[in-house]
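Engineer: can't give you the sequence, but here's the structure:
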């Protein structure tokens, strides 16, 4: 008997196809939707929490839900929430915990090292560390920010987010040659960018004045 034409075989194949279609619908639609809804519910509940630990516990549910897609977007959304919270926080310990939590969520994505939004992820991590440095003056945040921005520049040498990010870093470090090089790249693409022109001029003037003061 030809097994291909066997009615029982065809019935089994039909069942398997149905299961496969359902699994696609489940993993491609239901799980991301469920994850998104859980995140929305958690956001509503954040109004009633008043500690970082409580926020982490509230967000751990949607973050840990299985879903083939949506994880990266959720991690970015959580990072943006904490980036906003950094603006209202001046406690170095809390800032350190916030950055650590965000980086922990991003670590599997960073380790994976690719994806359509990978450059965006590098920028968010660079920005949150740069902001943490501005708040705390802790050099480890500046070093981390530079590492993420440089990784982003490797992937997108002309991406403005990373060019402007590194322009900030070099000025903070007092790196004259680095600031000049990055400013030149920025102005070669956006010659009318007066903020960069003025920022570089002010930086060079500050360095020159500081050098003159030391020589006296």
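Structural biologist: Structure's in. What do you need? What you are looking at is a predicted structure, and each value in this text was computed from that prediction instead of being measured.

Engineer: helix or strand right after the helix or strand in which residue 74 is found?
Structural biologist: Take DSSP states H and E as the rule and residue 74 turns out to sit in helix 71-86. Sequence-wise, the next helix or strand downstream of helix 71-86 (DSSP H and E) is helix 92-112.

Engineer: Now do that next one, average pLDDT.
Structural biologist: Per-region confidence: helix 92-112 scores 89 on mean pLDDT.

Engineer: about what we covered before: sort out which residues of the helix holding residue 74 are buried, please.
Structural biologist: Taking 16 or more other Cβ atoms under 10 Å as the basis for neighbour counts, the residues of helix 71-86 that come out buried are 71-72, 74-76, 78-79, 81-83, 86. To be clear about C-beta, it is placed using only N, CA and C from the backbone, and glycine gets the same treatment.

Engineer: What is the least confident helix or strand in this protein?
Structural biologist: Every helix and strand of the chain was ranked by mean pLDDT, DSSP states H and E. The lowest is helix 7-25, at a mean of 42.

Engineer: which helices and strands does the helix holding residue 74 pack with?
Structural biologist: Here helix 71-86 touches helix 31-45, helix 52-64, helix 92-112, helix 118-136, going by 3 or more Cβ pairs under 8 Å, 6 or more residues apart in numbering; DSSP states H and E.

Engineer: Tell me the one of the buried residues of helix 71-86 nearest residue 112?
Structural biologist: Proximity of the buried residues of helix 71-86 to residue 112 was ranked by Cβ to Cβ; the top entry is residue 72 with 9.2 Å.

Engineer: what's that closest one in contact with, if anything?
Structural biologist: Each residue near residue 72 by Cβ atoms under 8 Å, 6 or more residues apart in numbering is listed here: 109, 115, 117, 121.

Engineer: Just the buried residues from those residues, in ChimeraX please.
Structural biologist: To isolate in ChimeraX the members of the contacts of residue 72 that are buried, counting by 16+ other Cβ under 10 Å, one can use:
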select :109,121
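
Engineer: who's in contact with the helix or strand encompassing residue 140?
Structural biologist: If you go by DSSP H and E, residue 140 is part of helix 139-155. Outside of helix 139-155, the residues within contact range by Cβ under 8 Å, 6+ apart are 99, 103, 118-119, 122-123, 125-127, 129-130, 132-133, 159, 161-163, 165-166, 169, 172-173.

Engineer: Quick one, which of those are buried?
Structural biologist: For the contacts of helix 139-155, burial is judged from neighbour counts taken by 16+ other Cβ under 10 Å, and it is met by 99, 103, 118-119, 122-123, 125-127, 129-130, 132-133, 159, 161-163, 165-166, 169, 172.

Engineer: wait, what's in contact with the closest residue to residue 98 other than its chain neighbours?
Structural biologist: Of all residues beyond its chain neighbours, the one nearest residue 98 is residue 82 (5.0 Å), with distances taken as Cβ to Cβ, 6 or more residues apart in numbering. Residues in contact with residue 82, defined by Cβ under 8 Å, 6+ apart, are 98, 101-102, 128.

Engineer: gap between residue 82 and residue 117?
Structural biologist: Residue 82 sits at a distance of 18 Å from residue 117 (criterion: Cβ to Cβ, to the nearest Å).

Engineer: low pLDDT regions in this structure?
Structural biologist: Scanning the chain for pLDDT under 70 picks out the ranges 1-51, 58, 60-70, 215-216.

Engineer: one more time with 80
Structural biologist: Counting by pLDDT under 80, the chain has low-confidence residues at 1-74, 77-78, 81-82, 84-85, 87-88, 113-116, 212-216.
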